[in-house]
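Engineer: just to be clear, the model below is a prediction. Sequence and coordinates:
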Amino acid sequence: MKKIAIAFAATAAMIVSFGASAEAAGKTKACFIYVGSHTDGGWSQAHDMGRLAVEKEFGGKVETAFLENVAEGPDSERAIERMARSGCSIVFTTSFGFMDSTVAVAKKFPKVKFEHATGFKASDNLATYNSRFYEGRYINGQIAGKMSKKGIAGYIATFPVPEVVMGINAFEQGAKSVNPNFKMKVIWINTWFDPGKEADAAKALIDQGVDVLTQHTDTTAPMQVAEQRGVYAFGQSSDMIKAGPKVQLTAIEDTWGPYYIKRVKAVMDGTWKSEQSFDGLAAGNLTMAPFTNMPDDVKKMAEDTEAKIKSGELAPFTGPINKQDGTPWLKAGEKADDGTLLGMNFYVEGIDDKLPK
Amino acid sequence: MTFFEAVLLTIITASTPLVIAAIGELVTERAGVLNLGVEGMVIIGSVSAFAAAQLSGSAYIGLLAGVAGGALFSLLFSFLTLTLVANQVATGLALTIMGLGASGMIGESYVSVPGIRLLPIEIPLLSQIPYIGTVLFKQDIVFYLSILLVVAVNWFLFRSRAGLKLRAIGDSHSSAHALGIGVIRTRYLAVMFGGACAGLAGAQLSLIYTPQWTENMSGGRGWIALALVVFASWRPWRILAGGYLFGAVTILQLHAQAFGIGVPAQFLSMLPYAATVVVLIIISQNRRMTLINTPASLGKSFVPDR
């Protein structure tokens, strides 16, 4: 909290100086709001890498600023408004829970551009952007299907929002594509970030017999437990190979840089429009960490799948797919539309869990 | 390792930091000082322990640094509330906020650095006992210390003269002062003991529970420790019972989820807190017992009148 206070004070100071200089030189200013610390080793750090990429790309022509550890919910409105007032040309709010606050502030500052990550509410000066993380999770699932001896994986889940449900389903679809009887156990821990709880959930899953572990949470704690117990695992948000040198199979790395550069460029050129961006492996929004700790044939399969998803030859959610209770969802050859994916609130067949509502 | 043993081990790891932080705060509160800064002292312990372990390469030096870090940080609280007579509630909250912020800054360069794990010590013969052997006698030193601390604090408070004086100060600092007992000096020591314990709990988090440094990794455990002291109605043995009840329900609800028993996950994650509330209600039925155990001067500032 103190740190937030310091961050606020520092940013306020920066805002004063930057604001003045940015306007004087006609500079573009790109601002970011993070839910965690910019060094969290996961989600927020990935966005901060994107910010640094913007700085590097445009050199002195673009100023950047960020506020970190901003709590989700109504409180975030003050932080976003502070940024908007300080002369930012564009404000990126990088967590789902900032959605309503961003909408409110965007209404008050029609001249400032806003972009909200992973949300679904847009307006003339508010765009949304998201990554097709599920493409990476499908590849993870396929690898798990090959590497798991028992055919059962554990998933450490956060909150039952569409993004997470979509992730669980994509993993299961990938696994089923190589092992039709593949099962998944899911534990919901109701936080994005609590190393202790994440480790507890990892231990519980391993004790119950899963031999591949995957996580939707942000810290390396589950990877550490996996390394200690000798169970394969997948990294989340960034490469976690340092925490699991013997067990990490791959990781989904968020790469926001290219998107941020594109959008800041659009602001500079005056061509920015409110869009709903939803890109994946093909656009480079996410990348797979090196495929490690697996035999060559599995590695080959993973690389092939990655290439097929990139080229559009393969879509992870292609029918026939049944819902958890056995009722049909997609007919053979039918592909899921983005609307259904972004609002996903049901499990596919094979998941051994009751979805919290 | 059987399933039963594995689950017990996880419960022990989850409960130990709660027990240690709570037993420290119990002594502080028995001396009449309410330190709400436990969460802050725990996280300072975590970052000190992690940093010292990295710099020295030894997890044991890390452990000592965690204890020292927590104790030194608590001195700030003592100076403000005991010497400058600042409000204890406000100062405690400030200590928590400052601890979380300061630890983030100190630890910035240690994020995503692989940690050094404090290894368990196997006690010969005893660890061969079936079922409980590996669980109880093949543990890290912090677990043994946690049990020892509860026993020692119980003995100190209720069987030693110094403990009697400490309790007297907590119940009526003016009377204790009139009897010539050093109120401020004893309180300084009691707060420092609380800080050292919180630091040890923090060291357990960053060296054993999850050997890594992440900002805010204490995850509210300091607050749970504070609640445990009330839950235990200021009796050491009940800290052990309460800490393990909370740890056990936390872990078992995860297992219930993984078994897929069909109960909503939100309900299951609420269980540890719900269990705490239920026990609190049962305990508070006996008002006389509660009053006897509550330190009467808790949270009140003391200014010697002469």
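Structural biologist: Yep, it's here.
Engineer: can I get the CA coordinates of the helix or strand that contains A:Val91 in PDB?
Structural biologist: Secondary structure assignment for A:Val91, by DSSP states H and E: strand A:90-93. Provided in PDB are the C-alpha atoms of strand A:90-93 (Å, rounded to 0.1, in the frame of the first residue of the first chain):
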ATOM      1  CA  ILE A  90      -4.100   6.600 -24.700                       C
ATOM      2  CA  VAL A  91      -4.700   4.500 -21.500                       C
ATOM      3  CA  PHE A  92      -4.400   0.700 -21.500                       C
ATOM      4  CA  THR A  93      -6.200  -0.900 -18.500                       C
END
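Engineer: other SSEs contacting the following helix or strand past that strand?
Structural biologist: Beyond strand A:90-93 on the C-terminal side, the first helix or strand identified by DSSP H and E is helix A:99-108. Identification of packing neighbours for helix A:99-108 by 3 or more CB pairs under 8 Å, 6 or more residues apart in numbering or on different chains; DSSP states H and E yields helix A:76-85, strand A:90-93, strand A:113-117, strand A:126-131. Where C-beta positions appear, they are placed from N, C-alpha and C, glycine not excepted.
Engineer: please identify the deepest-packed of the ones you listed.
Structural biologist: Of the helices and strands packed on helix A:99-108, the one with the most neighbours on average (mean count of other CB atoms under 10 Å in any protein chain shown) is strand A:90-93, at a mean of 28.
Engineer: close to chain B: what parts of the stretch 251-357 of chain A are there?
Structural biologist: A:Asp352, A:Asp353, A:Lys354, A:Pro356, A:Lys357 (CB under 8 Å from any CB of the partner chain).
Engineer: JSON lines please, covering those and showing pLDDT.
Structural biologist: Below are these laid out as JSON lines (pLDDT from 0 to 100):
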{"residue": "A:Asp352", "pLDDT": "81"}
{"residue": "A:Asp353", "pLDDT": "84"}
{"residue": "A:Lys354", "pLDDT": "82"}
{"residue": "A:Pro356", "pLDDT": "81"}
{"residue": "A:Lys357", "pLDDT": "71"}
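Engineer: where does the chain dip in pLDDT?
Structural biologist: This is for chain A. A:1-26 (pLDDT under 70).
Engineer: can you look at chain B instead?
Structural biologist: For chain B, the ranges with pLDDT under 70 are B:306.
Engineer: in it, which spans are strands?
Structural biologist: B:121-122, B:138-139 (DSSP state E).
Engineer: partner strands of the first one and their direction?
Structural biologist: Its sheet considered, strand B:121-122 pairs with strand B:138-139 (antiparallel) by DSSP bridges.
Engineer: burial count for whatever residue of the stretch 51-200 of chain B ends up closest to chain A?
Structural biologist: Of all residues in the stretch 51-200 of chain B, B:Gly101 sits closest to chain A, at 2.8 Å by CB to the nearest CB. By other CB atoms under 10 Å in any protein chain shown, the residues close to B:Gly101 number 21.
Engineer: could you check how far it is from A:Gly280?
Structural biologist: 37 Å (CB to CB, to the nearest Å).
Engineer: and the gap between B:Pro304 and B:Val183?
Structural biologist: 7 Å.
Engineer: ok, the two, which is more surrounded?
Structural biologist: A count of neighbours by other CB under 10 Å puts B:Val183 above the other of B:Pro304 and B:Val183, at 22 against 10.
Engineer: next one: that one relative to B:Arg238, how far apart?
Structural biologist: Distance from B:Val183 to B:Arg238, by CB to CB: 27 Å.
Engineer: burial of residue 298, as a residue count?
Structural biologist: No chain specified, so I'll use chain A. A:Val298 has 18 nearby residues by other CB under 10 Å.
Engineer: to clarify, I was referring to chain B.
Structural biologist: 17.
Engineer: same check, this time on B:Val135
Structural biologist: Neighbours of B:Val135 (other CB under 10 Å): 21.
Engineer: B:Gly69: what's it in contact with?
Structural biologist: Contact analysis of B:Gly69 by CB atoms under 8 Å, 6 or more residues apart in numbering or on different chains lists B:Ile44, B:Gly45, B:Val47, B:Ser48, B:Ala49, B:Gly199, B:Gly202.
Engineer: now for the closest residue to it other than its chain neighbours: which residues touch it?
Structural biologist: Using CB to CB, 6 or more residues apart in numbering or on different chains and skipping residues adjacent in sequence, the residue nearest B:Gly69 is B:Ser48, 2.9 Å away. Counting by CB under 8 Å, 6+ apart, B:Ser48 touches B:Gly62, B:Ala65, B:Gly66, B:Ala68, B:Gly69, B:Gly70, B:Ile106, B:Gly199, B:Gly202, B:Ala203.
Engineer: name the member of those residues with the most neighbours.
Structural biologist: Counting by other CB under 10 Å, top hit in these: B:Gly202 with 37 neighbours.
Engineer: my read: it touches B:Ser46, true?
Structural biologist: Yes. The pair B:Gly202 / B:Ser46 is scored as a contact, 3.8 Å apart, by CB atoms under 8 Å.
Engineer: where does A:Gly235 land in three-state SS?
Structural biologist: strand (DSSP: H, G, I helix; E, B strand; the rest coil).
Engineer: from B:Thr96, how far out is it?
Structural biologist: For A:Gly235, the distance to B:Thr96 - CB to CB - is 32 Å.
Engineer: for A:Thr93, same thing?
Structural biologist: 27 Å.
Engineer: what's the answer for B:Asn286, then?
Structural biologist: For B:Asn286 relative to B:Thr96 (CB to CB), the value is 31 Å.
Engineer: can you check A:Gly136 too?
Structural biologist: 38 Å.
Engineer: which one's more surrounded, these two?
Structural biologist: A:Gly136 (31 against 24).
Engineer: grab the nearest non-local neighbour of that one.
Structural biologist: A:Ile252 (3.7 Å).
Engineer: quick one: the one helix or strand the one you found maps to to strand A:126-131, angle?
Structural biologist: Taking DSSP H and E as the criterion, A:Ile252 maps to strand A:248-254. Here strand A:248-254 runs at an angle of 170 degrees relative to strand A:126-131 (axes from the mean of the first three to the mean of the last three CA atoms, to 10 degrees).
Engineer: against which helices or strands is strand A:248-254 packed?
Structural biologist: helix A:43-58, helix A:133-147, strand A:232-237, strand A:286-288.
Engineer: to A:Thr28, which of those lies closest?
Structural biologist: Shortest distance between A:Thr28 and the helices and strands packed on strand A:248-254, using CB to CB, is found for helix A:43-58: 7.7 Å.
Engineer: quick one, that closest one and strand A:126-131 angle?
Structural biologist: Going by the same axes, to 10 degrees, helix A:43-58 makes 110 degrees with strand A:126-131.
Engineer: and helix A:43-58, C-alpha only, in PDB?
Structural biologist: Only the C-alpha atoms of helix A:43-58 are listed here, as PDB (Å, rounded to 0.1, in the frame of the first residue of the first chain):
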ATOM      1  CA  TRP A  43       0.600 -11.100 -16.100                       C
ATOM      2  CA  SER A  44       1.500  -7.500 -15.200                       C
ATOM      3  CA  GLN A  45       5.100  -7.900 -16.000                       C
ATOM      4  CA  ALA A  46       4.200  -9.200 -19.500                       C
ATOM      5  CA  HIS A  47       2.200  -5.900 -20.000                       C
ATOM      6  CA  ASP A  48       5.100  -3.900 -18.800                       C
ATOM      7  CA  MET A  49       7.400  -5.600 -21.300                       C
ATOM      8  CA  GLY A  50       4.900  -4.400 -23.900                       C
ATOM      9  CA  ARG A  51       5.200  -0.900 -22.500                       C
ATOM     10  CA  LEU A  52       9.000  -1.100 -22.800                       C
ATOM     11  CA  ALA A  53       8.700  -2.300 -26.300                       C
ATOM     12  CA  VAL A  54       6.700   0.800 -27.100                       C
ATOM     13  CA  GLU A  55       9.400   3.000 -25.600                       C
ATOM     14  CA  LYS A  56      12.100   1.200 -27.600                       C
ATOM     15  CA  GLU A  57      10.100   1.400 -30.900                       C
ATOM     16  CA  PHE A  58       9.400   5.100 -30.800                       C
END
